[in-house]
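Chemist: any chance you can model this:
(2 chains)
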Amino acid sequence: MNTDDKLRILICIGGGPEAYASLRYAVRLSKTSCADIVLLYVRPLDSGLNSGGMEVRVARENVLDWGLELPGLRQLKAARDILVELGEIEPGEHREWKHHELKGDPAGEYIRDYENPCGGIVSLRLRTASDVTTAVSDEAKRFQADVVIVGASPEPMSGLKKLLSRKPLALKIAAHAHCSVIVARHLEPGRNHLVCVQDTDQSRAMLPMVGRYFQSCQYPVSILSVARTEADLASAQKAAQEAAQILADLGTPPAEILVEVGDPVETIITIGYDFSLILASESLKPWFAKGFSVSHEVAEKARNSVMIVK
Amino acid sequence: MYSARIVIHFLREKRWFFLTLAIQAAMLLLPAPEGVTQEGWRVLVMTVGATILFITEPIPLPAVALLIVLGQVFLLGLDSSLVAKSLMKDSVLFIMGSLMLAVALVKQKLDKRLALLIIKVTGSSTYAIAFGISVFSGLLASFIGEHTVAAMMLPVALSLIQLATNDPKQQRALAVLFLFSISYACAMAGIGTPSGGARNAIMIDYLRDFFYASDDPATYGYSVSYLHWMIYAYPIFLIQLPLMHVILRYTFKTDLRDLGPAVAKLKEQVGSEGALTGRHYVAILLFLLTLAGWVGFSSKYGMGTIAILGAVLFLVTGLVRWQDLNSGVNWGVVLLYAAAISLGVQMRDTGAAAWVAGMFMDGLAPFGLGSGLGLLAAIMLLTTFITNTMSNGAAVAVLGPIVLTIALATETNPLAVGMVTSISSAFAYFTVIGTPASTIVYSSGYLRPSDFMKVGWRMALMSFIVLLAASKLYWPLIGL
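Modeler: Next comes the predicted model:
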């Protein structure tokens, strides 16, 4: 992970409109810390038996020869146009796509860099990979990202559909990425952020990172601690007070402290609905069991955006 | 902790491979079912494993091919040299040669002239252009292979789409119309001639292997020539082509009825390329010579030899570099086809194909589909199902020995059964991976997998009806 003050934000483009909506949020984050932003589109590798033995690359090279754009570049340019509209990039800048061979596909991987007014880099990146989750995690490591933003379906899946469908990409990335991941739904700046804490080392460990994050974005913060039973109430109160003190010491005094009793997932989702973003610490469970942790369950079921802090 | 995560990640990525091994181990521990020899059962175990791995792709496909080779030596106890010999057939040479020809032709940049020709013929009406794209794609793909034509036509369609409008909705409406006009025309055309697709060459090899005997003139009909294949199959393609256009036209309607400005811009863009040069004439001449070789001499020298000769001529004349052929052809797929055909031969030799065929027939008999037209319809359905889950060449390689054994057992004309299998392997309209042309147009990023399902069932229904009608009415007329 990046250790200097500058935030590094990776936004996955291609999963639907939620990622485009997140750009506005990322720009707000970049205003104070002059963040570096990467817009990433991952295209699946197309090779082998499906193309009958002729590499699809031959067709792609032909497409490039006509001066046409590869799939993914259109989506990246649409995101770039939003950043121009928001004043993050100077309009009318003509930059060339630079070929960037990571997986040996000559017609696959391209980068186009821009500088924003404060000196941060905005980079459009097209990658090819057989597995999108692995490619996003790999790119996050290469970029030393602090935060990955990935769009999720606005309506979480339920019932039979949830049983039959594959696990959403956003949740897979949240489980595998080495850094914090925002599972974005209607992610708009403007409302407070809710930091969920517990009386655990893992929860305390996330607070310096959360403090750094809020110093960048300067959003008002609320703290929520949920006790499963009345007996756990004291522990929950202690966690909330400690968190408030740590964040205040880091220069982000919380606007309110909430302590509730009930099921943690349901309580966080219900209270968190009025916030721009819910933040919760990463589970210590292995990747295959993360789905049963509070933070990942919240990320899966919430109707708004959730950040899993790692 | 970190190494444990790596192991878990590896197991997760390769779960289908390990599951396949477990299924194979369980099958091998069971006694061979009644009616199949121990060797036949082992071949079936290998076939089940290979099919699961073809579909799920947990390991690189060339590795599946190599496992088939190893399985024949270690599980079946065959001599290594015999296994190596069984890998190389004329159909495999043909696949290699035609893939090299495909890359060589795409590299000639003839597509810009082709684009000018199409819009010159069709004018600027959207639906006329779509039909023109279908006709040109189909006629070319029936001779030079669908991947070649799809790769050449893709930029033509994308240029028109992007020049026509900036509105993403209208662009997509045009894209589904034009891109499916290419992919479905190419897929249908692939049935027209033996050089249209690897699956035809594989079926020709199977028919020859199973039924042809040089000392028996009664079996000479099973050595299907290029011209005979065309007589059997080309009219079926020609009937399907306009019907396909009608289906696409009514499934994917567009408000942009006239592409006059886009056509003018395209003419301006590609017109600067100038007239055909000597290099282009040589390329066209070489391809026409190869085609003439296939029609006139493939019975004597084999289609594969002539395809290789064509590729060599492109290399010798310097029209294409070896580096382009080497990077443009996926040699692992060639190896895969070779291994699949070799396994198919083992299915026949060990009696495994006969056993599976028997089970298939037992299942069909109660529904009155055990022979004649009913059997052809059942084979058509089975092939259509299989070809939508894996490439059409692999589907024919896997199914060929089984359906030909069924033909023998039910006294149904093996040629008709072979043709039906090969032709219906083109009915891969439902999925992106069904045919190479679909994969190539899907790579444009404009299509969604659901688009294939939306139009696929209409196309399949139309193709079923045309093929059944042809097998009932047309083939008996020409003595098939």
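Chemist: buried set for the one helix or strand B:G40 maps to?
Modeler: Under the criterion of DSSP states H and E, B:G40 resides in helix B:38-56. By 16 or more other Cβ atoms under 10 Å in any protein chain shown, the buried positions in helix B:38-56 come out as B:39-47, B:49-54. Every residue, glycine included, has its C-beta placed from N, CA and C.
Chemist: how about the strands of chain A, start to end?
Modeler: With strands called from DSSP state E, chain A shows them at A:8-12, A:36-44, A:98-99, A:110-115, A:121-129, A:147-151, A:180-184, A:193-197, A:221-227, A:256-261, A:277-281, A:305-309.
Chemist: re the thing from before, immediately after the helix holding B:G40, which helix or strand?
Modeler: Note on helix B:38-56: by DSSP H and E, the next helix or strand toward the C-terminus is helix B:61-74.
Chemist: kindly list the main-chain dihedrals of A:L284?
Modeler: Taking degrees, to the nearest 10, you get phi -90, psi 0 for the backbone angles of A:L284.
Chemist: residues touching the closest residue to chain B within chain A, list them.
Modeler: Residue nearest to chain B within chain A (Cβ to the nearest Cβ): A:P71, separated by 2.4 Å. Going by Cβ atoms under 8 Å, 6 or more residues apart in numbering or on different chains, A:P71 touches A:43, B:443-446.
Chemist: any idea what the most centrally placed residue in chain A is bridged to?
Modeler: With distances taken as Cα atoms, centre = their mean, A:I149 lies nearest the centre of chain A, 1.9 Å away. Following DSSP bridges, A:I149 is listed with bridge partners A:I11, A:I182.
Chemist: hang on, it packs against A:R185?
Modeler: No. Using Cβ atoms under 8 Å, A:I149 makes no contact with A:R185, being 11.2 Å away.
Chemist: let me have the strands of chain A in TSV, adding mean pLDDT and distance to B:R257 as columns.
Modeler: Conversion of the strands of chain A to TSV gives the following (pLDDT from 0 to 100; distance: least, Cβ to Cβ, whole Å):
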stretch	mean pLDDT	distance to B:R257
strand A:8-12	93	38
strand A:36-44	89	32
strand A:98-99	78	39
strand A:110-115	85	36
strand A:121-129	88	34
strand A:147-151	92	35
strand A:180-184	93	40
strand A:193-197	93	51
strand A:221-227	93	56
strand A:256-261	94	60
strand A:277-281	92	47
strand A:305-309	93	43
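Chemist: and those strands: which comes nearest B:T219?
Modeler: Among the strands of chain A, the nearest to B:T219 by Cβ to Cβ is strand A:36-44 (46.4 Å).
Chemist: now for the closest one, which elements pack on it?
Modeler: With contacts defined as 3 or more Cβ pairs under 8 Å, 6 or more residues apart in numbering or on different chains; DSSP states H and E, strand A:36-44 has these neighbours: strand A:8-12, helix A:73-85, strand A:121-129, helix A:132-143.
Chemist: just name the most buried of the ones you listed.
Modeler: Each of these was scored by mean neighbour count; the highest is strand A:8-12, a mean of 26, by mean count of other Cβ atoms under 10 Å in any protein chain shown.
Chemist: export that one as PDB, just CAs?
Modeler: Presented in PDB, the C-alpha positions along strand A:8-12 are these (Å, rounded to 0.1, in the frame of the first residue of the first chain):
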ATOM      1  CA  ARG A   8      -4.300   6.400  -4.900                       C
ATOM      2  CA  ILE A   9      -7.700   5.400  -6.200                       C
ATOM      3  CA  LEU A  10      -8.400   2.700  -8.600                       C
ATOM      4  CA  ILE A  11     -11.900   2.800 -10.300                       C
ATOM      5  CA  CYS A  12     -13.100  -0.300 -12.200                       C
END
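Chemist: quick one: it to strand A:180-184, angle?
Modeler: Put simply, strand A:8-12 runs at 40 degrees to strand A:180-184, going by axes from the mean of the first three to the mean of the last three Cα atoms, to 10 degrees.
Chemist: can you redo the helices and strands packed on strand A:36-44 as CSV with distance to A:L207?
Modeler: Shown next, in CSV, are those (distance: least, Cβ to Cβ, whole Å):
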stretch, distance to A:L207
strand A:8-12, 20
helix A:73-85, 31
strand A:121-129, 29
helix A:132-143, 22
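Chemist: and of those, who's closest to A:F214?
Modeler: strand A:8-12 (14.6 Å).
Chemist: neighbouring contacts of the closest one?
Modeler: Contact partners of strand A:8-12, identified using Cβ under 8 Å, 6+ apart, comprise A:2, A:19, A:22-23, A:26, A:29-30, A:35-42, A:79, A:136, A:139-140, A:143-151, A:173.
Chemist: and the contacts of stretch B:68-80?
Modeler: B:39, B:42-43, B:45-46, B:50, B:83-84, B:86-87, B:339-340, B:342-343, B:346, B:350.
Chemist: if I look at A:S153, how far off is A:L76?
Modeler: Separation of A:S153 from A:L76 (Cβ to Cβ, to the nearest Å) stands at 21 Å.
Chemist: likewise for B:L285?
Modeler: Distance, B:L285 to A:L76, by Cβ to Cβ: 43 Å.
Chemist: helices along the stretch 151-300 of chain A, start to end?
Modeler: Using DSSP state H, counting those that start in this stretch, the helices of the stretch 151-300 of chain A run over A:159-164, A:169-176, A:201-217, A:233-249, A:264-272, A:294-301.
Chemist: so A:S235 touches A:A227, yeah?
Modeler: Yes. If you go by Cβ under 8 Å, A:S235 and A:A227 touch, sitting 6.7 Å apart.
Chemist: of the strands of chain A, which is nearest B:T389?
Modeler: Ranking these by distance to B:T389, with Cβ to Cβ as the measure, places strand A:36-44 first at 17.7 Å.
Chemist: roughly how far does the closest residue in space to B:S422 that isn't next to it in sequence sit from B:H147?
Modeler: Distances taken as Cβ to Cβ, 6 or more residues apart in numbering or on different chains place B:M203 nearest to B:S422, at 4.2 Å, with adjacent residues excluded. To B:H147, B:M203 is 19 Å away according to Cβ to Cβ.
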